[in-house]
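K.L.:
here's my sequence, what's the structure:
(4 chains)
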2 protein chains.
Amino acid sequence: MEIKDLRYFVAAYEAQGFARACVALNTVQSNVSLRIKELEDVLGVSLFVRHSRGIRPTAKGDVLYLYAKRVLELMDETHQAMSPEKAA
Amino acid sequence: MEIKDLRYFVAAYEAQGFARACVALNTVQSNVSLRIKELEDVLGVSLFVRHSRGIRPTAKGDVLYLYAKRVLELMDETHQAMSPEKAA
DNA sequence: TAAAAATACTCCATAGGTATTTTAT
DNA sequence: ATAAAATACCTATGGAGTATTTTTA
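P.N.:
Numbering: from 1, shown residues only, chains lettered A, B, ... in the order given. Purely as a prediction, here's the structure:
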């Protein structure tokens, strides 16, 4: 599980669909579909149920969303702490 | 900055050298050297000073180490929360 | 001068893009 | 019937390995 996977997941979760998520991710619907599928495969859990108007998170998906937001937030803090202007 | 980058960095930091770090990372010295260099490039900061017996962290390197450990720990928690046996 | 880091290269896996098909309301 | 997800395919970037050179205490 890499940071980029979590960004894909969060975008899909918040957009409630892969087609809508891909614009925020600067990519294409098929890639979002593939990456989420691979994330589900590697974790061994289902994160979304697919329907004809988009997606709905599973219970596991809801849990991952909370963790993913924390991870991404911490990564942002890390980037800020590493900014060259900022003294160590 | 991806999770794998942080793993490389932490291993190098703790091993105090790229050559020693690569065994824990199941890779090769040259890859550790390259990945750390790219991490420094993308962040725009120096993380280690190189010497003839290994590496010594810079002040920025010390700061990143603390953040990196937190990120990796949170990722471990995330994985555990996502384990299929565990109910959501 | 010796241990470790940097560099140059090759190779392959995988992420990204295009086009199309399938699914579900 | 239509909007969205899945699939198939191609391409290119970049991560991993090998071999060698450079650096520094």
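K.L.:
only C-alpha atoms from now on, for both contacts and neighbour counts.
P.N.:
Noted.
K.L.:
for DNA strand C, what's its nearest residue on chain A.
P.N.:
Closest to DNA strand C within chain A is A:Thr27: 3.4 Å, counting by C-alpha to the nearest atom of the strand.
K.L.:
so that residue is in which element?
P.N.:
Following DSSP states H and E, one finds A:Thr27 outside all helices and strands.
K.L.:
what's the local residue count around it?
P.N.:
By other C-alpha atoms under 10 Å in any protein chain shown, the residues close to A:Thr27 number 13.
K.L.:
any idea how far it lies from DNA strand D?
P.N.:
For A:Thr27, the distance to DNA strand D (C-alpha to the nearest atom of the strand, to the nearest Å) stands at 12 Å.
K.L.:
likewise for A:Arg53?
P.N.:
A:Arg53 is 4 Å from DNA strand D, by C-alpha to the nearest atom of the strand.
K.L.:
dump the residue contacts of the nearest residue to that residue once chain neighbours are set aside.
P.N.:
Nearest non-adjacent residue to A:Arg53, counting by C-alpha to C-alpha, 6 or more residues apart in numbering or on different chains: A:Gly17, 7.7 Å away. Residues near A:Gly17 by C-alpha atoms under 8 Å, 6 or more residues apart in numbering or on different chains: A:Arg53, A:Gly54, A:Ile55.
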